[in-house]
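Participant: Just a sequence and a predicted model for now, questions to come.
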There are 2 protein chains.
Amino acid sequence: MATGRTHRPATRSRGIPEATVARLPLYLRALTALSERSVPTVSSEELAAAAGVNSAKLRKDFSYLGSYGTRGVGYDVEYLVYQISRELGLTQDWPVVIVGIGNLGAALANYGGFASRGFRVAALIDADPEMAGKQVAGITVQHSDDMERIISENGVSIGVITTPPGVAQQVCERLVAAGVTSILNFAPTVLSVPDGVDVRKVDLSIELQILAFHEQRKAGEEAALTDGPRPVAATRKQSADKGPDGDVPAVMPA
Amino acid sequence: MATGRTHRPATRSRGIPEATVARLPLYLRALTALSERSVPTVSSEELAAAAGVNSAKLRKDFSYLGSYGTRGVGYDVEYLVYQISRELGLTQDWPVVIVGIGNLGAALANYGGFASRGFRVAALIDADPEMAGKQVAGITVQHSDDMERIISENGVSIGVITTPPGVAQQVCERLVAAGVTSILNFAPTVLSVPDGVDVRKVDLSIELQILAFHEQRKAGEEAALTDGPRPVAATRKQSADKGPDGDVPAVMPA
DNA sequence: ATGTCTTTGTGAACGCGTGCACAAAGATAG
DNA sequence: CTATCTTTGTGCACGCGTTCACAAAGACAT
C-alpha cells in the first residue's frame, strides 16, 4: 500500500479502520461496473470476487458503514454505490491542483479516472515560465507565482505534486500555507508536513524494487533446487541478457 | 498500501517481513543521498528521520538483514547501501517492458528513477499499429504482436501494464504466458494471475479517493465546531456519533 | 585497565487486521 | 403459520507489525 503518512498518531477515523477506507474505492469500482450492467443486487461472495478480496473481509468492511445488506438476498447495487460514494466524500466536487507539469504531471492531467470520480483538475501549475500559457489536456498551465491565488480562489484542498524531488518540499510548504490539507506526492522525497495535513505517496521505483526483491527470491529458490546453496548473485534464468550485469562485488568496507 | 496480490497465502519470504521489504527502498534512497554527500556513518535516529519512520522500526528492519551496525557509532553508509541493494536484487540488471504507450506509459518510459535503480526499459509495446515504430524516450515502440518474442529474447521477468482497463487482463495473461512473473499494474482492474506471479497495483484515483475521505472527515469535524457547513452536497453526520445514519434516503431499496 | 557514554539489537507487550465459523435475519415455499 | 434455505453481520482467535524499554556491545577518555 502506498501509505505515506509522516506522522500518524492513530486512526482517528471515528470508527472506520484505515484498511477499510483503502478498500472502499475498490468496492466502488466493482459496484459501478455492476451498476452499468444494470445488475440490481449482488452477494458478498460475488462482489468480493470482483474486487479481489475475501468475502468475510468485505462483509466486515461494510458492517463499519452500517447494515446495508439484506440477508438471504445480498446488497442493493445502486444503494451501495451511493452509500460508499457518500462515505468517501465523492458526492461533492473536489477541485485539485497539479504542480509540476512534466511528463507525469501531463499524464495525470489527461487521466480520465479523476473526473469520473468527482475530482476536477482546477489548475495546472509549473515553475517554468516557458510552460505558462501552454495548453495541457485542455487546461492552460499557470505559473507557480500565482499558486496561492489559484488555491484560494478555487477553494482547493487537495494538491498533487509531480515536481522534481529537489523542490517538492518547498512546493509542499507553499501548498499547505495556501490552504491545501491533502497531498498526493509523486516526487521521491519524504515530505514533512504539519499535523492535520494528510500525505499519500506514490513512488514508481519503489514498487519496482519490491517486485525485484520477490523476483530475486523466486530465482534464488529455483536455483537452490538445481545447484547452488545460496542466492549469490541470483542467476537469471535467461542469459540472453546483454550488458555486463552480474555480481559487482562493490566496495566491501571494513 | 498498494499491496496488490490476488491471493497471498502468507509471505514465505524466508525471514524478511513484507512490511520491511516495502521500507527497504525508502532506506536505500535516504542512504544514497547520504552517500552522495560523502557521509561516512549514520545513526538509526538520523536515518530514520531522513526516511520518515520510527527509529526502533528501522533498527528492527535492519536486524532482519543481519547485524550491520556498530554500537556506539551507527551504520556505515556505503556498506548498508550495498547490503540493501543486494537484498533487493538491485545489483543485477532488470529488463522491464512497458505495455500500453499512452500518456502514462510514455511518462514512465521517460521516468529517470528506473535506470538509476537497476531497471532498464527493454521495450515499449503498444497494440496500436500507428504507434509502432515511433520513438518514445529514445526507444522505438514495438507492436504487441511481437510481445512474446521481445520478452523471450530479452529475458524479461517484470512487466508494467499501462493499458486501458478493458484489455489489461488479456495483456496480463500474455505477459505471464511469455514468462513474466512480476507485474506492476496501473490499469484500474483487478488482475487475476496464477500462483507464483506477483502483482502490485498503483491506482491513482484510489489514492485521491482515500485523501477525499480524510478531507471530508476534517471538514466535517471543523463544521461541527464552527457550524459553517462547508460541504454542500454531503450532509455530514455530526455529534450523534453513530446512530441511525445521516438520513438521505436516496433510492432506498425495497 | 577501568569507567563512562553512545547506540545498537531485541525481548516483550500491545494493537490492528484478517479470516473462520456460526447465529440471526429475512426470503420463499408449502 | 411453519419449515427450509440463503446470505448477512459479527464474536472470536490468531498472526503480523509496531513500539517501548533495556541489556549488550563497542568507542573513547582517563
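Facilitator: Arrived safely. Residues are numbered from 1 along each chain as shown, chains lettered A, B, ... in the order given.

Participant: Which residue ranges of the stretch 51-200 of chain A form strands?
Facilitator: Secondary structure of the stretch 51-200 of chain A, counting by DSSP state E, counting those that start in this stretch: strands at A:69-70, A:74-76, A:94-99, A:119-126, A:135-136, A:139-143, A:158-161, A:182-185, A:198-201.

Participant: contacting residues for the closest residue in space to residue A:186 that isn't next to it in sequence?
Facilitator: In this structure, residue A:186 finds its nearest non-sequential neighbour in residue A:162, 4.8 Å apart by Cβ to Cβ, 6 or more residues apart in numbering or on different chains. In short, each C-beta sits where N, CA and C put it, glycine included. Contacts for residue A:162 (Cβ atoms under 8 Å, 6 or more residues apart in numbering or on different chains) come out as A:98-102, A:104-105, A:108, A:186-187.

Participant: change it to 6 Å
Facilitator: A:100, A:104-105, A:186 (Cβ atoms under 6 Å, 6 or more residues apart in numbering or on different chains).

Participant: On the pLDDT front, check it for me.
Facilitator: Reported pLDDT at residue A:162 in the predicted model: 98.

Participant: go on, the one 3 residues further on?
Facilitator: Predicted confidence (pLDDT) at residue A:165: the value is 97.

Participant: show me the residues around it that make contact.
Facilitator: For residue A:165, the contacting residues are A:187-189, by Cβ under 6 Å, 6+ apart.

Participant: Then residue A:191?
Facilitator: A:172, A:185, A:199.

Participant: excluding its backbone neighbours, what's nearest it?
Facilitator: Nearest to residue A:191 is residue A:172, by Cβ to Cβ, 6+ apart, at 4.9 Å.

Participant: what's the neighbour count on the one you found?
Facilitator: Look at residue A:172: counted by other Cβ atoms under 10 Å in any protein chain shown, it has 24 neighbours.

Participant: likewise the one 10 residues further on?
Facilitator: Applying the criterion other Cβ under 10 Å, we find 25 residues in the vicinity of residue A:182.

Participant: I'd assumed residue B:209 was in contact with it.
Facilitator: No: here residue A:182 does not reach residue B:209: they are 11.1 Å apart, not a contact under Cβ atoms under 6 Å.

Participant: Quick one: the helices in chain A, in order.
Facilitator: For chain A, the helices defined by DSSP state H cover A:18-36, A:44-51, A:55-65, A:77-88, A:103-110, A:147-154, A:165-178, A:204-226.

Participant: can you put those helices in a markdown table and add distance to residue B:53?
Facilitator: Shown next, in a markdown table, are the helices of chain A (distance: least, Cβ to Cβ, whole Å):
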| stretch | distance to residue B:53 |
| --- | --- |
| helix A:18-36 | 17 |
| helix A:44-51 | 30 |
| helix A:55-65 | 27 |
| helix A:77-88 | 28 |
| helix A:103-110 | 25 |
| helix A:147-154 | 30 |
| helix A:165-178 | 17 |
| helix A:204-226 | 14 |
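
Participant: Out of those, which gets the lowest mean score?
Facilitator: Note on the helices of chain A: helix A:204-226 shows the lowest mean pLDDT, a mean of 86.

Participant: Who are the packing partners of that one?
Facilitator: In terms of contacts (3 or more Cβ pairs under 6 Å, 6 or more residues apart in numbering or on different chains; DSSP states H and E), helix A:204-226 is packed against helix B:18-36, helix B:77-88, strand B:182-185, strand B:198-201.

Participant: any idea of the angle it forms with helix B:103-110?
Facilitator: If you take axes from the mean of the first three to the mean of the last three Cα atoms, to 10 degrees, helix A:204-226 sits at 70 degrees to helix B:103-110.

Participant: Just the buried residues of helix A:204-226, please?
Facilitator: For helix A:204-226, a neighbour-count test (16 or more other Cβ atoms under 10 Å in any protein chain shown) marks A:204-220, A:223 as buried.

Participant: do stretch A:180-192 and DNA strand D meet?
Facilitator: No: judged by Cβ under 7 Å from any atom of the strand, stretch A:180-192 and DNA strand D are separated, with a smallest distance of 14.8 Å.

Participant: how far away is the spatially most central residue of chain A from residue A:81?
Facilitator: Nearest residue to the geometric centre of chain A (Cα atoms, centre = their mean): residue A:202, 5.7 Å. From residue A:202 across to residue A:81, the span is 26 Å (Cβ to Cβ, to the nearest Å).

Participant: how does chain A divide up, domain by domain?
Facilitator: What the record gives for chain A is the domain set A:18-87, A:94-206, from automatic domain parsing.

Participant: Which of the ones you listed sits closest to residue B:137?
Facilitator: domain A:94-206 (8.7 Å; Cβ to Cβ).

Participant: Quick one: distance of that closest one to the chain centre.
Facilitator: 14 Å (Cα atoms, centre = their mean, to the nearest Å).

Participant: quick revisit: got a markdown table for the contacts of residue A:191, with distance to residue A:44 too?
Facilitator: Below are the contacts of residue A:191 laid out as a markdown table (distance: Cβ to Cβ, whole Å):
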| residue | distance to residue A:44 |
| --- | --- |
| A:172 | 40 |
| A:185 | 35 |
| A:199 | 33 |
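
Participant: out of those, who's nearest DNA strand C?
Facilitator: residue A:199 (17.4 Å; Cβ to the nearest atom of the strand).

Participant: ok so, going back, can you tell me which of the domains of chain A comes nearest to residue B:90?
Facilitator: That would be domain A:94-206 among the domains of chain A, by Cβ to Cβ, at 10.1 Å.
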